[in-house]
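**Q** Okay, predicted coordinates and the sequence, questions at the end:
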Amino acid sequence: MASTDTGTDTDTEKDGSTAVRGARTPGDLAGVEAGLDALDAVQTGRAPLRETLIRKVLPPVTAVALVLVVWQLLVWAHVAPDYKLPAPSAVWGEVREAWLRGTLLDYIWTSVSRGLLGFLLALALGTPLGLLVARVSFVRAAIGPILSGLQSLPSVAWVPPAVIWLGLNDSMMYAVILLGAVPSIANGLVAGIDQIPPLYLRAGRTMGATGLREARHIVMPGALPGYVAGLKQGWAFSWRSLMAAEIIASSPDLGVGLGQLLENGRNNSSMSQVFLAIFLILLVGIAIDLLIFSPLERWVLRSRGLLVTR
């Protein structure tokens, strides 16, 4: 009889706990749903201007100012002769002189126009090549390793054969850019396509997305993060390839770009001119990244809910 009561009490306790748990379940679900809604909510408000300046503008400005201070201290300490380590004021004098002569913007535009056009050509060639390598197993087995090898080959190695084949002209410059950038863009797209879940592809085929429709609506959107990374790396290869070509190959018909300006500074034993060329090359690289690739990366992350706005 006692055992029967115990069993009854146990059942009652079990039923009570079940009832309590059941009573709490809707509230728990509501809390979970509220949390998920908060996570899914997109923060569209803009940060105050002061906060933006402090978080994004102040750190790089501080870093540049620190570099200039250390540079000037090294000059005052005479760690190297003036012809090896010019003062920041000497480099600024080169900038001012080039601006007054009207050649500063010409240096920049000559290289930037070549670099951007060469990159667009590499984009037009590397994208279909990457799709072909990623989607056709025979093509991947045939030229996939070659693309990886070309990507690791220094771009400067293509300058001598390009000069012999094409001569000292803009075609030679674009050939060097293409040979340096196309493998990076193609490999980036291949890596992005390889990371697409197979379920997405099967679902797309079930819904009738085959051929070009599959490439447009399934493959390219799914591979976008890897593709953007390949584009960014492709631009870096384009810019470095162009600088190597301009340094090695010089001709009056080619004009004076940033690479040629750097080589002229070496020939003239003018470190201030060399520093000017290095500064402009670095400035263009940073500007292209901030104006083109950083917004593109943020858009990709935001579209996938991966960009957290604080």
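**A** Cool, got the structure.

**Q** And the helices in the stretch 101-250 of the chain, which stretches?
**A** All helices of the stretch 101-250 of the chain, identified by DSSP state H, counting those that start in this stretch, fall at 104-135, 137-152, 159-166, 170-194, 198-206, 212-214, 220-222, 224-248.

**Q** Quick check: Ile143 touching Ala134?
**A** No: applying CB atoms under 8 Å, one finds Ile143 not in contact with Ala134, separated by 11.7 Å. From N, CA and C alone the C-beta is placed, and that goes for glycine too.

**Q** Quick check on Gly255: phi, psi?
**A** phi 80, psi -180 (degrees, to the nearest 10).

**Q** what helix or strand does Gly305 sit in?
**A** Gly305 is part of no helix or strand when elements are defined by DSSP states H and E.

**Q** Compare neighbour counts for Ile143 and Ala134 and give me the winner.
**A** The neighbour comparison of Ile143 against Ala134 (other CB atoms under 10 Å) goes to Ala134, with 23 against 16.

**Q** Let me see the contact set for the more buried one.
**A** Listed by CB atoms under 8 Å, 6 or more residues apart in numbering, the contact set of Ala134 reads 140, 189-190, 193-194, 219, 223.

**Q** can you give me the mean pLDDT across stretch 195-211?
**A** Stretch 195-211 shows a mean pLDDT of 75.

**Q** Need the contact partners of that stretch.
**A** 214, 217-219, 222-223, 225-226.

**Q** same question, stretch 264-277
**A** Contacts for stretch 264-277 (CB under 8 Å, 6+ apart): 83-86, 90-91, 93-95, 98, 107, 256, 258-259, 261-262.

**Q** now that stretch: mean pLDDT?
**A** Mean predicted confidence for stretch 264-277 is 91.

**Q** And that stretch, what's buried?
**A** 264-265, 270-277 (16 or more other CB atoms under 10 Å).

**Q** quick one: what helix or strand has Leu74 in it?
**A** With DSSP H and E as criterion, Leu74 is part of helix 58-76.
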